[in-house]
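> just to be clear, the model below is a prediction. Sequence and coordinates:
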Amino acid sequence: MTQPNECQPINIIREEGISTHFSQNINKKVLILTEAFPFMFIGEIISVVDDFVEMKVQNTSIPALEGKTWFVHIDSIEVFYIETETGIKIPELKE
Amino acid sequence: MKRHYHVVAIPIRIVLNTFGDHNPNGMMYVLKENEEKVKRLVKKNPFMPVDLVQPLFIRANEGDVVEILFENKLPFHAGMHFQEAEYDVCQSDGANVGYNKETTVAPCEKILYKLHLMKEGNYYFSDLGNVSSDQNGSNSNGLVGGLCVQSRFSWWTDPETGKPINSGQYADVHHPLLPSFREYVWMFTDEMEVDDLTGNRPINHFSNQEEESFHGANYRYEPENRREQLVAEGVVCPNCEGEEVHHDSWVFGDPSTPILRGYVGDPAKIRLFHGGVKETHVFHYHVHQWFSDPSDLASEIFDAQAISPQSHYTIQPLYGLGSLQGSFGDAVIHCHLYPHFVAGMWGMNRVFNTLQDGSQCYPNGVPIKSLKPLPDRPAPPKPTKMKPGFPNFIPGKVGMKAPRPPMGIVGGRGLTELERNAAITNPRPGAVFTDPCPEGAPVKEFNISLIEIPLIYNREGWHDLTGRIFVLDEDLEDICLGKKAPEPLVIHESSHTRYQINFTNRLPHILDGDAFQLVTRTYEAGMHIHFVKFDVLVNDGANVGWNYDSSVLSGETIQYSYYADTELKAWFFHDHLFPGAHQQHGVFGTGVVHPRFTKYLDSTTGEEVDQGTEVTCVNPLIPDYRDFVIFAQDFTHLVNKDGKPLAPPPFPGSPDDPGLFGVNYKNEPLQFRLGKDCDPAYSFSSYVKGDPITPIFKAYEGDSIRIRLLQGAQEESHSFNVHGLRWLHERGDLNSRLENQQHIGISESFTMEMNVPRSGDYLWTFETEEDLWNGLWGLIRAFDEKVPELIKLPDRPEPKERSTPLPECTGIRPPSAADPTVEIVKGPLRKYDVVAFQTSIQYNSFGDHDPDAIIFALREDMEAIQNGEIEPVPLILRGNVGDTVDVTLTSYLKPELFPFKDGIYPYPIVKEQAFYPPSLRISLHAQLLDYDVKTSAGETVGFNGDQTVGPGESRTYRWYVDSAVGVCGMWDMADIRNHRSQGAFGAFIAEPRGTEYLDPYTLQPASTGASVILRNPYLPDTREFVIVMHDGVRLLDKNNQVIFDPVDGILLAPPGIDEDLLDTYDQGSRGFNYRSERLINRYLEHAKIHDLFSSDVFGDPSTPIFESYVGDPVTIRLVTPAERRRSHTFHLHGHRWKSDSKNIHSRTESNVGFNVAGAKRNLQLLGGAGAYNGFSGDFMYRSGNIRWDIEQGMWGIMRVFEELKKHLPKLDQ
């Protein structure tokens, strides 16, 4: 992560911070909420490409969109939670 | 763009079907260019329908100015009044209102109307020159039409020829940027005069009595009676009964009613208008769903939608024709109210899967008209001999009932060669020609049977001997042995589920006869479903058009297959073969489609379940919730414990409002709730007579709950209210308004989601007087501490161990509720001192009055009202967000002033009238505000304490205004028979923080009143007009004779109308704000119908005149606190508003439907007074019900001045 720079707009710093955070959690399970369709993703972080998160989606609100690789732009992420050893687990969703 | 139409109103004989039923005195609007042609064709075909005889449907684009040259060739003054449009009210109103210039025209004269079309949508038009509700009136005889306004730059063509058209019910609409779509106009019409071939009223061949009144669409109807006659006389389909083949084209060919044709996947819009005069209908369209607001993706999804007279919607089926699954075949469209459906109010959407170029025929040899593919979509394949397309691969026999579907029936047949060619690659039972289920969807199997079993509705032994219900097969034995109580079947599954249903018909062949109905063979049954995705040809659970008959005989089992694609709330299911005969016996159920990954637990044991009207739902992602299902019922055929029929119809088989009411096969009539002291004030109290037998849904304080509201049977509107709770009207939209009331018609489904903020007993009701009287109420009981019969929601904190015993029935009056005012108030405190007393109310200047009224008023006004210095008006209170409002109520009711000491009113009546002496206690209940139901609900309910007051007693309620919800109804809940329709109601307005209320004439602070100026430092000064719509009033005339409204108010009425023939819920007078300007009074002074709204002739009406200046911001607060089940439409001429004032995406409209007890809306006029174009004049506000509201006085005037008047200060902008 680059050091905060007084000349850099705060949004750039924030975006870089989120990208870095996702990069540090490759192969971890993540829950993401977006304002736009399909609103929710649960899956595994595969990689971070620029400001896109590549993820293997296990669950969304629409079953037909599951089991696929998705690129989610970090600007569209409203809320996220990455499962680590210390925090609570993201629920296992079974039908 | 300017468009011009020349419209002529002509008398015309309207032939309504191929059986020759006709209206000899019909009237229609027609384009001048078609006038001679239509007259010639009608003369040539006196007993056959003529295509050109249809309501006039014309088109224009948003932003257009449309000039209508209207020519009147009728023998009375007539005009065209347009809803939704803006226009100069003195030039183009199509009416003669107030001091406006007359804009109806005399016979043989013309007038030019000029309309500004502000927004895409449906613009209804009708005549206001002759508003008689009788057969001499214009509207019921057909003088109605629709202007369909398209997006800018659109054009339209004939679907058959592809050439431009000027009018008509079918058009293909095109646009340079947007997809082309099929436009179908569907106009419900009702109560038209009908003669048969012999010129007499049609006779029902089964009962030998006069047929049900006309219910149709686009001047057509296809009655079951007529088709049944062909069966009974052996012309077609031997061994059939009638209802099961009512919609079967194999037997009868296609109906005369509209058939909306398209290809699979075509985008479509149905412009739905209600051109009828009286009934609220429910539009239901098989296979398809749509948004309640097509432009708002957060709006509710419907597949059945109620519609009140003179209102309208655009139905835009999601995914186009055939829905997501691309189902082709015939999807029936109908009014779901069974008496109307049976009377002939139905048609079809025919979805073809092969190209129709005019060279094909239906199986009966009738040519299939050509249908141009939409230009921006690929053409469907041409039919071939081996793949002829729908319907020609179906192995049916003309004149006989439709064949059973292949594969579905256990032990049934396989596919023919043509069927195999038409089928999908891997057909299976229930999904032969379309597979709605994606691969891999989890499968859930239910084994469901339909059985006959007696149902006991209440503790007094009222029962239905021939109850018919759906049950799971595994419960069959327990229910039949009485080990398990019958309730409507509710199955639970989550979205993304493939339902596999094995449905067994275990009904007897015969539905027995009794006082309610004649013996009927009901030898086959099916399970028709709403909302879920399915193959309509084989899986509709119905027998429609050229489809298969997807039902089974007694003793047979059929397999159905559905898919729930998303969380779909509660999908309704019922039989579609004999619903008119037996659905009111209980043949309905629902499947609730929950969010994915939900589990359903028994709320008492915590065991996992998959059925039940009350379950606890657990989900790993969203808050856990309680799920409650409520079914309303009417036409319930009940007998008492001695076998006496309750509210039987005039003769067996009559559709004339037979029977009583139920909710989940139960009811708790108020006549049985009186304790030893016979005081109605404690009718809802569990202390006096114990808990009701109707559902008491359980929760802990703070729990999240979902109520699934449905109506299972059979014809009428009901008004569901929950006292003390509220929900977002559009559940998925945080911008939606808050509600605590929902109108419902049969087959509609609503989900209400909310939290229960505090412990206590919350009353739910179907609030109209007759429903409530006959027992449609129950409780939601929220516990403060642990009880053994209710598990906690897993994601909620553990409830406290019980420290005090639960209350029990004592048989005596309940203890007084605690005083809410002991708590310290934070923020502003507003106090009102309210009194309740009896007085006489003059409803108009002609002497119509209610001498026995009960009103609420501020104490400071009581003396002046009693002295006649102030005329009584409904009490209007106001408060601002953040206020705590203490309302102290004192009763001054006197026993000697009640006209009927036993509570039995000779008119207007309710069904099953009984001893219910007037209570001297009274209360004040308010909607939507925040309060503790244990102290301030203004009612004595369940095990809450007494909140009513006796003579001379006072009690203070404490309400918190936590949201600017606008208008809230207020009414008495101590005695719903003897107080409320007599005037014991008013309204509370919750205003934005910091608002002052000023008298509009003095600009002094106002403490009450229906017309005020709202002044707020952050908002423009706004005029607020409160309109209280109410009915069921017992009025006397100037000679102190009872007015038998509506009959006494009918204009041009033929002699001999019997008020006993009216439905009970039509009885009584009606109006706005304790006033009613009954037109009959005016007519008797000046017998010219078109002048009856004129102030030049009569002076202003007694109903409120709301005054403003052009451009003034205006908010109308519309509220219906009382009383009867007939729903009214409200319409204001020349103005529009957002259907939800808090949601900018909601549709604009100029009418509000479903005004029944508990309904309320806030109408912020777009563009202010005079609308965007700033027109001045007298704008009529009124009911949209020609029968029986406008004549009976439900109209008034909003007066918009252009120039400053001395008496009315202008707003400080």
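Sure, I can see it. The structure presented is a predicted model; accordingly, all values stated were derived computationally and were not measured.

> for the rest of this, base every contact and every neighbour count on C-alpha atoms.
Noted.

> helices of chain A, residue ranges please.
Under the criterion DSSP state H, chain A carries helices at the ranges A:10-23.

> OK, now which residue of it is nearest to chain B?
residue A:95 (5.4 Å; CA to the nearest CA).

> how about that residue, nearest residue that isn't a chain neighbour?
Distances taken as CA to CA, 6 or more residues apart in numbering or on different chains place residue B:597 nearest to residue A:95, at 5.4 Å, with adjacent residues excluded.

> list the contacts of the residue of the stretch 151-300 of chain B found nearest chain A.
The nearest approach of the stretch 151-300 of chain B to chain A comes at residue B:297, 11.2 Å away (CA to the nearest CA). Residues near residue B:297 by CA atoms under 8 Å, 6 or more residues apart in numbering or on different chains: residue B:291.

> what of residue B:89?
By CA under 8 Å, 6+ apart, the contact set of residue B:89 is B:100, B:1134, B:1175, B:1176, B:1177, B:1178, B:1179.

> likewise residue B:168?
Residue B:168 is in contact with B:54, B:56, B:57, B:58, counting by CA under 8 Å, 6+ apart.

> residues in contact with the strand or helix carrying the last one?
Looking back up the chat, that one is residue B:58. Take DSSP states H and E as the rule and residue B:58 turns out to sit in strand B:56-61. The contact list for strand B:56-61 (CA under 8 Å, 6+ apart) reads B:3, B:28-31, B:66, B:117, B:120, B:144-154, B:166-169, B:185.

> now, those residues that are in strands?
Among the contacts of strand B:56-61, DSSP state E puts B:3, B:28-31, B:66, B:144-150, B:185 in strands.

> who in chain B is up against chain A?
Within chain B, the positions adjacent to chain A are B:442, B:496, B:566, B:596, B:597, B:620, B:621 by CA under 8 Å from any CA of the partner chain.

> can you classify the residue of the stretch 151-300 of chain B closest to chain A by secondary structure?
coil (DSSP: H, G, I helix; E, B strand; the rest coil).

> what pLDDT does it get?
Residue B:297 carries a pLDDT value of 88.

> likewise residue B:1213?
56.

> please apply the same query to residue B:358.
Residue B:358 is assigned 97 on the pLDDT scale.

> please name the residues that touch the residue nearest to it when sequence neighbours are not counted.
In space, and not counting its chain neighbours, residue B:358 is closest to residue B:370: 4.1 Å by CA to CA, 6+ apart. By CA under 8 Å, 6+ apart, the contact list for residue B:370 reads B:160, B:161, B:356, B:357, B:358, B:359.

> give me the residue from chain B nearest chain A.
For chain B, CA to the nearest CA, closest residue to chain A: residue B:597, 5.4 Å.

> distance of that residue relative to residue B:439?
18 Å (CA to CA, to the nearest Å).

> comparing these two, which residue is more hemmed in?
Set residue B:597 next to residue B:439 and count neighbours by other CA atoms under 10 Å in any protein chain shown: residue B:597 wins out with 17 against 9.

> looking at it, that one is touching residue A:93, isn't it?
Yes - the criterion here is CA atoms under 8 Å, and residue B:597 meets it with residue A:93 at 6.1 Å.

> what residues are shared contacts of these two?
residue B:620.

> low-confidence stretches in the chain?
Answering for chain A, as no chain was given. Residues of chain A meeting the criterion pLDDT under 70: A:1-6.

> wait, chain B
Across chain B (using pLDDT under 70), the flagged ranges come out as B:1058-1061, B:1213.

> ranges for the helices of it?
B:32-44, B:224-232, B:249-252, B:338-343, B:417-422, B:476-480, B:536-539, B:579-582, B:686-689, B:769-773, B:859-866, B:933-936, B:1079-1085, B:1095-1098.
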